[in-house]
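**Student:** no sequence for this one, just the structure:
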């Protein structure tokens, strides 16, 4: 059986991701903005309030028109690609919900605030290695894209 439309699970997952993302960002704005940084695991993990005005790890910061055009192009490709998916599978709906919920959470920030709120700060300061600060939406987008790439490479596929 093939379905070309997402199931209820997709929409529920997407709504939960958006809700969790927006709740954590609201907390970060209320709790971290006055301090900007809270050290949790010294030398490895902090909560650091950042206003990300770019895309993907802050690239193209303060390039509003370029960022807007990129997001529109990416959305068009995603909608085109999604039409060919078999939405009957649980995996497709969960990963799709994670990806779309994460994207919608960050878009909500961009439209409402003009920037995306980031606050997870992972680093190995002893080795001067720093990862860009990120949020719940970014995490779920990366997990989703990683899952999709692994599936395209044939990892985890059953035969028969």
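**Tutor:** Received it, and whenever you're ready, just let me know what you need. On a predicted model such as this, the values are computed, not experimentally measured, just so you know.
**Student:** C-alpha only now, for contacts and for neighbours.
**Tutor:** Will do.
**Student:** where do the strands sit along the chain?
**Tutor:** 37-41, 45-52, 116-124, 129-130 (DSSP state E).
**Student:** What strands flank the second one, and is each parallel or antiparallel?
**Tutor:** Right, strand 45-52. Sheet pairing of strand 45-52 (DSSP bridges) gives strand 37-41 (antiparallel), strand 116-124 (antiparallel).
**Student:** would you turn the ones you listed into TSV with mean pLDDT?
**Tutor:** Shown next, in TSV, are these (pLDDT from 0 to 100):
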stretch	mean pLDDT
strand 37-41	93
strand 116-124	95
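**Student:** just to revisit the earlier point, okay if I get the strands of the chain as CSV plus mean neighbour count?
**Tutor:** Below are the strands of the chain laid out as CSV (neighbours: other CA atoms under 10 Å):
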stretch, mean neighbour count
strand 37-41, 13
strand 45-52, 20
strand 116-124, 22
strand 129-130, 11
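**Student:** what's the nearest residue to residue 63 if we skip its chain neighbours?
**Tutor:** Closest residue to residue 63 apart from its sequence neighbours, by CA to CA, 6 or more residues apart in numbering: residue 54 at 7.1 Å.
**Student:** try residue 151
**Tutor:** Closest residue to residue 151 apart from its sequence neighbours, by CA to CA, 6+ apart: residue 157 at 6.9 Å.
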